[in-house]
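Asker: turn this into a structure:
(one chain, ligands or ions: 1)
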Amino acid sequence: MARFTYEQRFELFKLRLVPTLAMNASQPQPPDVSLTDFQAKIRDMYLEKDLQRGVDGTFMWLMEEVGELASALREGTAEEQAGEFADVIAWLATIANIVGIDLGQAIQSKYGTGCPGCSRLVCTCPMDEKP
Ligand SMILES: [Zn+2]
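Answerer: Coordinates of the predicted model:
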């Protein structure tokens with residue numbers, strides 16, 4: 001597969017073409033997955049193990065996956081980057097399951113009506129502020 005710059009991939013992303021780049025072309029397109037459904041799937045697959053490991057141990061796995069995402073962003077293929085994004089979200093969902101936070105609800109509550117800093121749908125916060 002051809003390598004794209006981040007700028008080229010962003011243009012493709014805006015056209016919603018990135019998922020086809022990140023997958024094997026012979027596989028069908030996956031259905032859209034809601035964060036709530038994904039978190040439930042992770043809960044069904046792993047909750048017992050996750051509860052035994054606990055927040056601290058699971059947080060370490062999340063940090064390891066964040067490091068792997070950093071490496072993939074520096075020198076990985078689009079497929080490798082996609083896999084690392086999936087792993088980071090999975091471990092984040094795992095921690096949310098352990099502490100009983102509904103990620104979909106949390107995101108809707110915080111970002112559903114716009115930027116938490118300026119309340120606009122297209123952020124107008126100054127560049128030196130966090131949002
Ligand atoms: Zn803002």
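Asker: where does the chain have its least confident helix or strand?
Answerer: Considering only helices and strands, the least confidently modelled element of the chain by mean pLDDT, DSSP states H and E is helix 18-21, at a mean of 50.
Asker: that helix: what's the following helix or strand?
Answerer: Toward the C-terminal end, the helix or strand that comes next after helix 18-21 (DSSP states H and E) is helix 35-75.
Asker: how far is that next one from where the chain is centred?
Answerer: Distance of helix 35-75 from the chain centroid (C-alpha atoms, centre = their mean, to the nearest Å) equals 11 Å.
Asker: same check on stretch 106-114?
Answerer: Taking mean C-alpha positions (C-alpha atoms, centre = their mean), stretch 106-114 and its chain are 16 Å apart.
Asker: state the mean pLDDT of that stretch.
Answerer: Regarding stretch 106-114, the rounded mean pLDDT is 95.
Asker: do that stretch and the ion meet?
Answerer: No: using C-beta under 5 Å from the ion as the criterion, no contacts between stretch 106-114 and the ion are found, and the smallest distance is 7.5 Å. For the C-beta atoms, the positions are set from N, CA and C on the backbone; glycine is no exception.
Asker: list of residues touching that stretch?
Answerer: Surrounding stretch 106-114, the residues in contact under the criterion C-beta atoms under 8 Å, 6 or more residues apart in numbering are 35, 96, 116, 119-121, 123.
Asker: let me have those in a markdown table, adding secondary structure as columns.
Answerer: As requested, those are arranged in a markdown table below (DSSP: H, G, I helix; E, B strand; the rest coil):
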| residue | secondary structure |
| --- | --- |
| L35 | helix |
| A96 | helix |
| P116 | coil |
| S119 | coil |
| R120 | coil |
| L121 | coil |
| C123 | coil |
